[in-house]
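Chemist: this is a predicted model, with the sequence first.
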Amino acid sequence: MAKAITATDPEMAGRRGRPRSTEATAAILESAYALMAEAGLGAASIDAIARASGVSKMTIYKWWPSREALLIDAFLHQASRMLPLSGTGSPAAQLRRHAAAYAEALRGEFGRVQLAVVSECIASTGSAALFHERYLRFRRTALIEIIAAGQADGSIGASGAPEDLYDALYGSLFYRYVFGIKPLSPAAARNLVDTLLQLKR
């Protein structure tokens, strides 16, 4: 089963390649997210993050290759807290719970920050590849594994490739959020899971 993804998990620490203080890392990530949520991405400069976290700019520059990478990791850190992939319950229960929580999160500051971070990546690099590399592929893979487990145990009746089913489900939720297509609610998300994945009760 998939596990919760946190800022200190091997996939995050390993890709950065530098040993670091867990406390300092958390302070940086939490400060960066708070600045984005409260005042927008423009307020989340390296200078401001250093002041808010109490960690030097030199340390931040050593640990992250770019401001965009730091902002993505701060968003991932928050996602791991708000939308944990706990691995508890059946695959169907996990997917219903997670999709409903994601739909609810999109309606608040989490949704605004996600859209802003993706937009920043596209504006700065010309694509969302960095967001995929540092955020989406980890959580996408974990949820694809849950879908595959449900197909294997028979609780998910949809026969499509797990990655295609994931994209159809979460792509639909994000599309509805970006373009304001209603309803975007926990109940609507659970219904979408049931319909797309043909869940067997």
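Modeler: Nice, I can see it. Residues are numbered from 1 along each chain as shown.
Chemist: check which helices and strands the helix or strand hosting residue 139 sits against.
Modeler: Assigned by DSSP states H and E, residue 139 belongs to helix 137-153. The contact analysis (3 or more C-beta pairs under 8 Å, 6 or more residues apart in numbering; DSSP states H and E) places helix 137-153 against helix 67-82, helix 91-106, helix 162-179. Quick note: C-beta positions are derived from backbone N, CA and C, even for glycine.
Chemist: the ones you listed: which one's closest to residue 200?
Modeler: helix 91-106 (7.7 Å; C-beta to C-beta).
Chemist: what angle do helix 67-82 and the closest one make with each other?
Modeler: With axes from the mean of the first three to the mean of the last three C-alpha atoms, to 10 degrees as the basis, helix 91-106 and helix 67-82 are set at 120 degrees to each other.
Chemist: please report how far residue 107 lies from residue 184.
Modeler: 6 Å (C-beta to C-beta, to the nearest Å).
Chemist: hmm, residue 164 and residue 144 touching each other?
Modeler: No: if you go by C-beta atoms under 8 Å, residue 144 and residue 164 don't touch, sitting 9.5 Å apart.
Chemist: between the two, which one's more packed in?
Modeler: Between residue 144 and residue 164, counting by other C-beta atoms under 10 Å, residue 144 is the more crowded of the two (18 against 13).
Chemist: identify the residue nearest the more buried one in space, chain neighbours excluded?
Modeler: residue 162 (4.6 Å; C-beta to C-beta, 6 or more residues apart in numbering).
Chemist: which residues touch the one you found?
Modeler: Residue 162 makes contact with 144-145, 147-148, 151, according to C-beta atoms under 8 Å, 6 or more residues apart in numbering.
Chemist: equivalent analysis for residue 155, please.
Modeler: By C-beta under 8 Å, 6+ apart, the contact set of residue 155 is 90-92, 199-200.
Chemist: just give the closest residue to it, not the sequence neighbours.
Modeler: Leaving aside its sequence neighbours, residue 155 sits nearest to residue 92 (C-beta to C-beta, 6+ apart; 4.8 Å).
Chemist: do the same with residue 28
Modeler: residue 53 (4.7 Å).
Chemist: correct me, but the one you found touches residue 33?
Modeler: No: here residue 53 does not reach residue 33: they are 10.9 Å apart, not a contact under C-beta under 8 Å.
Chemist: with neighbour numbers in mind, choose between the two.
Modeler: Comparing residue 53 with residue 33 by neighbour count (other C-beta under 10 Å), the higher total belongs to residue 33, at 25 against 21.
Chemist: helix, strand or coil for the more buried one?
Modeler: Judged by DSSP: H, G, I helix; E, B strand; the rest coil, the three-state class of residue 33 is helix.
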